[in-house]
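Peer 1: 3D, please:
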Amino acid sequence: MEIPLLSDVVIILGLAVVVILLFQRFKLPTILGFLATGVIAGPHGLSLINATHDIEILAEIGVILLLFIIGMEFSLKQLALIKRTVLLGGTTQVLATIGLVTLVMMLLDFAWNQAVFMGFLIALSSTAIVLKLLQDRGEINSPHGRVVLGILIFQDIIVVPMMLVAPLMAGGSEDIATELFLMALKGAFVIVFVLISARYLVPNLLYLVAKTKSKELFILSVVVICFAVAWLTSSLGLSLALGAFMAGLIISESEYSHQATSNILPFREIFTSFFFVSIGMLLDFSFLLQHLPVILFFSVLAFILKGLVATVAARMLQYPLRISLLVGLSLFQVGEFAFILSKAGIDSGLLSQETYQYFLSVSLLTMAVTPFVIGYYRQLAEKIAAPFASSQEPMPFNHHPEELHGDLPDLNDHIIIIGFGINGRNVAKAARHAKIPYVIVELNAVTVKYERKQGEPIVYGDAVHPMILAHINIHKARVVVIAISDPEATKRTIASIREISDKVHIIVRTRFVQEMEENYRLGADEVIPEEFETSIEIFTRVLNKYLMPRNEIDNFTQVIRSDNYEMLRSLSTNRTSEVSKLALDLPDIEVASLRVFTSDPEVIDKSLLESDIRNRFQITIVAIKRKEKTILDINAHTRIQQGDLLFVVGKPGDVMRFNHYLKATE
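Peer 2: Below is the predicted model of the structure:
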C-alpha cells in the first residue's frame, strides 16, 4: 500500500539534511536552511512535492506546538522581573513600527486596514534566529541581550491578539461592536477557563499521571491538553494558535512544565521544520528576480525603519546609544510569527497574492542577512555612535543627572566595580564590610536610581567611555573589578582603562576560559573564568567528601589557578607536571548520616555495648540527632531509638551495609 505523503516527507527531510549541512558549513541558521529547502522543493522550484495540502496540515501542527512551547516557557514570575523591558520596550517597538509602516503603505495607496495589517507583519522580529545567534555569542545576559529578549517576548504575546483582530479589520461583519463584544465574552471565558485549569484541574491531573511513573502516559496527557484546548478555542471561533498558547500557559504554572517542555520539544522541532519548509514553498523565486530592485528597496527600508524604532525603544529604557544601536541591529528583520499571521491575512482578504509575494521576499531577505549583520553589529554600532563619543553620553529620558551621577565622595585608593549584577553586588558588600571605599558603574538607569536612594555610591554610564572613567577617578583607583556579561564590552573597557592608567589592578570576570588570553593581552591583571571556577568549587566539595586534608585541597586549587587553569584546559603532561606532584592520598573512609527505620529489638532501645554495632558492622557512631536534640557524648551506654539520625564513620562498604540494615522494617 503506497502512502503518497510518505514520499513527500522523505523528500523534504532528506533534502533538508543536505541543505542544512551546507548552511552549517557557512554558519547560517537552521531556519534559513528549512526555508531554502521549501524554495527548492516547492512548485516554484523543482516541483518535487505533490501533496502540498498535506504538508500544510503538518505545518499547522508545527504552529500549534510552537505556540504551545512558548506558552509553557512563558512564566508570569519570570516576566515580572523584566516587566519594564517587556511592556515599555515592547510596546514602543511594536506600536511605533505599526504606525510608521501604516503611514508608508497608505502613501502607496493601500486601504487603511491593509496598511495596518502590513504594520502588524513588519513589527514582528525573528525570535528563533536572533536568540540563537545571541546564545551562540554568549550575549543573552548582556545589556542589549536582555532588551532584545524582553521585546521579543512582547512580540510573541502580541501576535495572539493580532490574529484575533485581523478578521474584524477585514470588515467581515457589519456589526463590529457586536463582534467585539462577543470576542471579549469568548476571551473572558477562555481566561477564566485557563485560570481554573492552571490552578486546580491540570496540576491535579498531571500529579495523578506523574504518580504512575509512565513516561508514555505523561507525554500523551500533555499532547491531549495541548490539542484539546486548541480545539476548544477553535470551536469558539478563536484561533487554534491562541488555544495552543493558552494550553501552554496552563501547564506553565505547574511544577511539571519543564518535563512537559522536554517531552514535547522533539515533536515541535520536526513539525515546525515542515512549517518553515511550507513557507519556503510559497515563495515564487521568479517573482523575486523580476521585482528584485523593488524588493531590495523595501528590504532596506524595513532594515532602517525597524532598526531605528528598536533603537529608540532601547533609549526609552535608559540605555546608552551604543547599546541601543545593538538592539536596533538585532531586531531589524521580519520574523517567523509574521508568516503565521500572514495566513490569517490571506484568509481575511487583507493580503493579495502579489503583496504576499513582496512580503515573503522581503521577510526572507531580511532573515537571511541577519547572521551577517549581527556578526558585525558591534563595529556598526561603534561607527554610528562615534560622533557622539566626544560629548557626554546623553542622559536617559525621565531622569535628572543628579539622580544618576549625584555627588560622589572624594575617591582615592578605591575599588571601581563595573556592573552591578550578582558578582558586582557581592564585591560591593565585601568592600563595605572591609571599610574599603568603592564606586559602582552601571548601565541600568532604574537600578542606579534605586541604589542611589539606598546609599550606594553608584553612577550611570558605559565604562567603555573615557569620560565616565575620568568621572570616577580611574587614575586614583587601586583596583577595578569588571563584572559584566558582555565579553566585547569587557575588552573595550580594559583597553579604555589602560589608555588612562597603567598602575590600576584590573580583575575581570568572564564566562569562558577562551576569553582569558585576549583579556590578558589587553591589560587585565587577573581573569577569573566562571566555567572553571565552578568546576574547582565542585571538585573541592568532592575532595571534602573524601576527607582530604583542607590544606592539601587549598594547595591543589592554588596550583590550578596559578597555572591559568591549564590542567583543566589541556591533557599535556608537561603543563600538568606541577599539579601531578600533589599527593592526593584519599582515605578509604566515609562520614555519613543514616536514619534508623528498623524496629529490630537487637538494636532499638539497646545500649551500644549490648547491640555490639561496632564489631558487627565495623562502623563507629560519633553523634546522634534525636528530634531537636543532638547527642555528642557517645559511650557504651548510649541507646538507639527508632527515628534517630546517626552520624557514623567507617569504610564505604561497611557504611552501605549498615545503611541497608537500618532501612529494614522487619
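Peer 1: quick one, phi psi at the nearest residue to Arg84 once chain neighbours are set aside?
Peer 2: Counting by C-beta to C-beta, 6 or more residues apart in numbering, Val446 is the residue found nearest to Arg84 once chain neighbours are left out, at 6.7 Å. Using the backbone N, CA and C atoms, a C-beta is placed for each residue, glycine as well. Dihedral pair for Val446: phi -60, psi -40, per degrees, to the nearest 10.
Peer 1: Can you give me the distance of Val446 to Val130?
Peer 2: 24 Å (C-beta to C-beta, to the nearest Å).
Peer 1: Those two: who's more crowded?
Peer 2: Val130 (25 against 15; other C-beta atoms under 10 Å).
Peer 1: The more buried one is in what secondary structure piece?
Peer 2: Assigned by DSSP states H and E, Val130 belongs to helix 127-136.
Peer 1: After that helix, which helix or strand is next?
Peer 2: In N-to-C order, the element after helix 127-136 by DSSP H and E is helix 143-169.
Peer 1: Pull out the buried positions in the next helix or strand along the chain from that next one.
Peer 2: Counting by DSSP H and E, the element after helix 143-169 in chain order, helix or strand, is helix 176-196. By 16 or more other C-beta atoms under 10 Å, the buried positions in helix 176-196 come out as 183, 186-187, 190, 193-194.
Peer 1: Just name the closest of those to Tyr358, please.
Peer 2: Met183 (30.0 Å; C-beta to C-beta).
Peer 1: and the gap between the closest one and Pro167?
Peer 2: Met183 is 9 Å from Pro167, by C-beta to C-beta.
Peer 1: go on, Val101?
Peer 2: For Val101 relative to Pro167 (C-beta to C-beta), the value is 20 Å.
Peer 1: Can you pick out the residue with more neighbours from the two?
Peer 2: Ranked by neighbour count (other C-beta under 10 Å), Val101 and Pro167 place Val101 first, with 24 against 20.
Peer 1: and stretch 468-475, C-alpha only, in PDB?
Peer 2: Extracted in PDB, the C-alpha atoms of stretch 468-475 (Å, rounded to 0.1, in the frame of the first residue of the first chain):
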ATOM      1  CA  ILE A 468      32.900  58.000  32.600                       C
ATOM      2  CA  LEU A 469      36.200  56.600  33.800                       C
ATOM      3  CA  ALA A 470      37.600  60.000  34.500                       C
ATOM      4  CA  HIS A 471      34.500  60.900  36.400                       C
ATOM      5  CA  ILE A 472      35.100  58.100  38.900                       C
ATOM      6  CA  ASN A 473      38.800  58.900  39.300                       C
ATOM      7  CA  ILE A 474      40.200  55.900  37.500                       C
ATOM      8  CA  HIS A 475      43.700  57.400  37.800                       C
END
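Peer 1: got the contact list for it?
Peer 2: 393, 405, 408, 411-412, 414, 416, 439, 441, 459, 461-463, 480, 496-497, 500-501, 504 (C-beta atoms under 8 Å, 6 or more residues apart in numbering).
Peer 1: Tell me the gap between that stretch and the middle of its chain.
Peer 2: Its chain's average C-alpha position is 34 Å from that of stretch 468-475, according to C-alpha atoms, centre = their mean, to the nearest Å.
Peer 1: Kindly report the same for stretch 332-344.
Peer 2: Using C-alpha atoms, centre = their mean, the offset of stretch 332-344 from its chain centre is 22 Å.
Peer 1: Going by neighbour count, which residues of it are buried?
Peer 2: 332-344.
Peer 1: Out of those residues, which sit inside helices?
Peer 2: Of the buried residues of stretch 332-344, the ones assigned to helices by DSSP state H are 336-344.
Peer 1: Most widely separated two among those residues?
Peer 2: The farthest-apart pair in these, when distances are taken by C-beta to C-beta, is Glu336 and Ala344, at 14.4 Å.
Peer 1: and Glu255, how many neighbours does it have?
Peer 2: Glu255: 10 neighbours (other C-beta under 10 Å).
Peer 1: List the contacts of the helix or strand where Glu216 lies.
Peer 2: Glu216 belongs to helix 215-235 when assigned by DSSP H and E. With C-beta under 8 Å, 6+ apart as the test, helix 215-235 has contacts from 64-65, 68, 190, 193, 197, 202, 205-206, 209-210, 239-244, 246-248, 250-251, 256, 259-260, 263-264, 267.
Peer 1: Please could you give me each C-alpha atom of it, formatted as CSV?
Peer 2: Extracted in CSV, the C-alpha atoms of helix 215-235 (Å, rounded to 0.1, in the frame of the first residue of the first chain):
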residue,chain,number,x,y,z
LYS,A,215,6.6,8.3,30.5
GLU,A,216,4.2,7.4,27.7
LEU,A,217,1.1,8.4,29.7
PHE,A,218,2.7,11.7,30.7
ILE,A,219,3.5,12.6,27.1
LEU,A,220,0.1,11.5,25.9
SER,A,221,-1.6,13.7,28.6
VAL,A,222,0.4,16.7,27.7
VAL,A,223,-0.4,16.4,24.0
VAL,A,224,-4.1,15.8,24.7
ILE,A,225,-4.2,19.0,26.9
CYS,A,226,-2.5,21.0,24.0
PHE,A,227,-4.8,19.8,21.2
ALA,A,228,-8.0,19.8,23.4
VAL,A,229,-7.6,23.4,24.4
ALA,A,230,-6.7,24.4,20.8
TRP,A,231,-9.8,22.6,19.6
LEU,A,232,-11.9,24.3,22.3
THR,A,233,-10.8,27.8,21.2
SER,A,234,-11.3,26.9,17.6
SER,A,235,-14.9,25.8,18.3
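Peer 1: Which positions within it qualify as buried?
Peer 2: 218-219, 221-223, 225-227, 229-230, 232-233.
Peer 1: cool, and stretch 599-607?
Peer 2: 603-604.
Peer 1: Check stretch 367-385 too.
Peer 2: In stretch 367-385, counting by 16+ other C-beta under 10 Å, buried: 367-368, 370-371, 373-374, 377-378, 380-382, 384-385.
Peer 1: And the most centrally placed residue in the chain, its phi and psi?
Peer 2: Nearest residue to the geometric centre of the chain (C-alpha atoms, centre = their mean): Ile140, 6.4 Å. Phi and psi for Ile140, reported as degrees, to the nearest 10, are phi -60, psi -40.
Peer 1: Residues contacting the helix or strand containing Val104, please?
Peer 2: Element membership of Val104 [criterion: DSSP H and E] is helix 90-107. Residues outside helix 90-107 that contact it (C-beta under 8 Å, 6+ apart): 112, 114-116, 118-120, 122-123, 150-151, 153-155, 158, 301, 305-306, 309-310, 312-313, 316, 331.
Peer 1: same check, this time on stretch 38-46
Peer 2: 11-12, 15, 19, 48-49, 52, 276-287.
Peer 1: One more: stretch 619-637?
Peer 2: 593, 607-609, 613-614, 638, 640-641, 643-650, 654-655, 658.
Peer 1: For ChimeraX, write the select line for the buried members of these.
Peer 2: Selection of buried members from these for ChimeraX, criterion 16+ other C-beta under 10 Å:
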select :608,613,640,644,646,647,648,650,654,655,658
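Peer 1: now, which of the contacts of stretch 619-637 lie within helices?
Peer 2: 608-609, 613-614, 654-655, 658.
Peer 1: Closest to Leu543 out of those?
Peer 2: For these, the nearest to Leu543 is Val655 (18.4 Å; C-beta to C-beta).
Peer 1: and stretch 601-621, average pLDDT?
Peer 2: Mean pLDDT, stretch 601-621: 89.
Peer 1: wait, I meant stretch 271-289
Peer 2: Here the average pLDDT along stretch 271-289 is 82.
Peer 1: ditto for stretch 96-103
Peer 2: Per-residue scores along stretch 96-103 average to 94.
Peer 1: If you count neighbours, what's buried in that stretch?
Peer 2: For stretch 96-103, by 16+ other C-beta under 10 Å, it's 96-98, 100-102.
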